[in-house]
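A.B. asks: what would the 3D arrangement of this be:
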Amino acid sequence: MQYRIIVQFAELALKGKNRHRFIKRLRKNIKDRLKSLNHEWPVKAIHDRIYVNLPNDDSIDELTAKQAVQELARLPGIAWLSFVYWLSEQKYQFLSSQPDLAVIHDLIKRLANDKYKSGLSFAVRVKRRDKQFSMTSQKFEQQIATTILQHSDWQKVNLSQPDQCFYVDIASDGVSVHCDKTLGIGGLPVGSTGQVLTLLSGGFDSPVAAWLMAKRGCQTDFIHFTASHHPLDGIEQDKIVRTAQIVSESSGFVRLYMVPYTYFDMALLELDLDYDLILFRRFMARVASALMPSVEAQALVTGDNLGQVASQTMENMESMNKSTDAMILRPLLSYNKQEIIALSTDLGLFEVGREPHKDCCALISKNPRTTSRSYVLHNLEKAHLSNYQELIDETLADAIELTFYFGQLVNKKKMDNQSHEHA
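C.D. replies: Just a heads-up that it's a prediction; the model follows:
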């Protein structure tokens, strides 16, 4: 028995002339994810689907194939996918004038008995892609349904809302049979719409924001501001590192830059400024902007949520915007906290997100101002932070870079001798 994995695109069918580019990217992401799982399986795009052809030998069992389906389902750009049993036209000649369909009926009998649950209903869905097949879809559905009723304990047919479906897809090169569709997350393939740099905190919001951008096709890297310099030894256990690692499980290639904010903190140590938090957020935006050319990022991403905390008012967001020429994206702007927590839970980020962590913004100021004006902040920066570019350069010079690939930490290094273009 041969196996395949069928992948159905999400929004890609609507892309018109650009459709091929998006499909090509999704195909590459699927190949890369399979390779990270040590599967060198051919991946082909045909018409409105992508097919993964599994080896026709004893090296692959059904369990291995179904585990691969669950991993692929986490990739953005997929509407649904399914493990299927593949019967080749070359071997069985289903498109002949008098085809022998016994092998399909025998397979359906086995699947029907494997899937039977008392009291549930079923339906058969036949899609006849090649019209040379001798029967109509409806007639073949009736035949297969009769086989199920006669050779299993299934008794209820429900064509509108069945509990279980049995699918038969007839194409020019063969017939696929399957009974389970795994829902994907939809969206667009990662890497198809651009590159972004996400300001990663220790809370729930920013990693979810990064994932939402990945779902819209953006490749994302992270920058995190730490209260102290981190040694490379044992850094894998750090909460921030594990957060970036989880996001990379579905995003693929992800870099995390951990930078100390001690230089900024020391510059304002002797001062008691009401605007210290928004000054710090402007500093983070400028440091991140200085890093953007090195990672080819086109925009910054934050986990800001309008009105959630004092620093995330309209006025303070605008003050942050005016600190840099970079575009700042805020995908969580209108989300309720409960919605963010629900997404965090679904993505496997909730447990690490709830671990204790002193967020840099909380350390900078316990009573942040809810309103600010850019010209006031500019004057404060001019008066107290005259060596601003030096602060940015020193901060980035002490950065640590960690690289992840589909959930695996593949590289970590200090960036002492690397230069960054000025924002």
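A.B. asks: and stretch 284-292, how far from the chain's centre?
C.D. replies: 24 Å (CA atoms, centre = their mean, to the nearest Å).
A.B. asks: give me the domain ranges for this structure.
C.D. replies: As assigned by automatic domain parsing, the chain contains the domains 2-185, 190-414.
A.B. asks: same list (these) but as a markdown table, adding mean pLDDT and mean neighbour count.
C.D. replies: (Each C-beta comes from the backbone N, C-alpha and C, glycine too.) Formatted as a markdown table, the domains of the chain follow (pLDDT from 0 to 100; neighbours: other CB atoms under 10 Å):
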| stretch | mean pLDDT | mean neighbour count |
| --- | --- | --- |
| domain 2-185 | 93 | 16 |
| domain 190-414 | 88 | 19 |
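A.B. asks: where exactly do the strands run in the stretch 51-200 of the chain?
C.D. replies: Remark: strands assigned in the stretch 51-200 of the chain by DSSP state E, counting those that start in this stretch are 78-88, 121-128, 156-157, 164-171, 174-178, 182-186, 194-199.
A.B. asks: closest one to Asn18 among those strands?
C.D. replies: strand 194-199 (13.7 Å; CB to CB).
A.B. asks: so what's the gap between that closest one and the chain middle?
C.D. replies: Averaging C-alpha positions (CA atoms, centre = their mean) puts strand 194-199 13 Å from its chain's average.
A.B. asks: the following helix or strand past that strand vs strand 194-199, what angle?
C.D. replies: Per DSSP states H and E, the first helix or strand lying C-terminal to strand 194-199 is helix 205-215. Going by axes from the mean of the first three to the mean of the last three CA atoms, to 10 degrees, helix 205-215 is angled at 180 degrees with respect to strand 194-199.
A.B. asks: who does helix 205-215 touch, helix- and strand-wise?
C.D. replies: On a contact count with 3 or more CB pairs under 8 Å, 6 or more residues apart in numbering; DSSP states H and E, helix 205-215 meets strand 194-199, strand 218-226, helix 239-251, strand 299-301, helix 337-346.
A.B. asks: roughly how far is the longest helix along the chain from the heart of the chain?
C.D. replies: When the chain is parsed with DSSP state H, its longest helix is helix 276-295. Computed by CA atoms, centre = their mean, the chain-centroid distance of helix 276-295 equals 25 Å.
A.B. asks: so for Glu141, which of the helices and strands packed on helix 205-215 sits nearest?
C.D. replies: Using CB to CB, the helices and strands packed on helix 205-215 put helix 337-346 closest to Glu141, at 34.7 Å.
A.B. asks: packing partners for the closest one?
C.D. replies: So helix 337-346, by 3+ CB pairs under 8 Å, 6+ apart, packs with helix 205-215, helix 350-353.
A.B. asks: how far is the last one from where the chain is centred?
C.D. replies: Between the centre of helix 350-353 and the centre of its host chain there is 17 Å, according to CA atoms, centre = their mean.
A.B. asks: partners of the helix or strand encompassing Lys44 in the sheet?
C.D. replies: Per DSSP H and E: Lys44 is located in strand 43-46. Sheet pairing of strand 43-46 (DSSP bridges) gives strand 49-53 (antiparallel).
A.B. asks: what residues does the partner strand touch?
C.D. replies: 4-9, 23, 26-27, 30, 34, 41-45, 68, 72, 86 (CB atoms under 8 Å, 6 or more residues apart in numbering).
A.B. asks: between the helices and strands packed on helix 205-215, which gets nearest to Ser386?
C.D. replies: Nearest of these (CB to CB): strand 218-226, 21.4 Å.
A.B. asks: relative to helix 205-215, how tilted is the closest one?
C.D. replies: Between strand 218-226 and helix 205-215, the angle comes out at 160 degrees (the same axes, to 10 degrees).
A.B. asks: for strand 218-226, packing partners?
C.D. replies: Using 3+ CB pairs under 8 Å, 6+ apart, strand 218-226 sits against strand 194-199, helix 205-215, helix 239-251, strand 253-260, helix 276-295.
A.B. asks: before we move on, back to that, out of the helices and strands packed on helix 337-346, flag the one nearest Arg128.
C.D. replies: Judging the helices and strands packed on helix 337-346 by CB to CB, what sits closest to Arg128 is helix 205-215, at 33.6 Å.
A.B. asks: quick check: angle from that closest one to strand 253-260?
C.D. replies: Here the directions of helix 205-215 and strand 253-260 differ by 150 degrees (the same axes, to 10 degrees).
A.B. asks: chain center to helix 205-215, what's the gap?
C.D. replies: Its chain's C-alpha centre and that of helix 205-215 lie 8 Å apart, by CA atoms, centre = their mean.
A.B. asks: great, nothing more from me.
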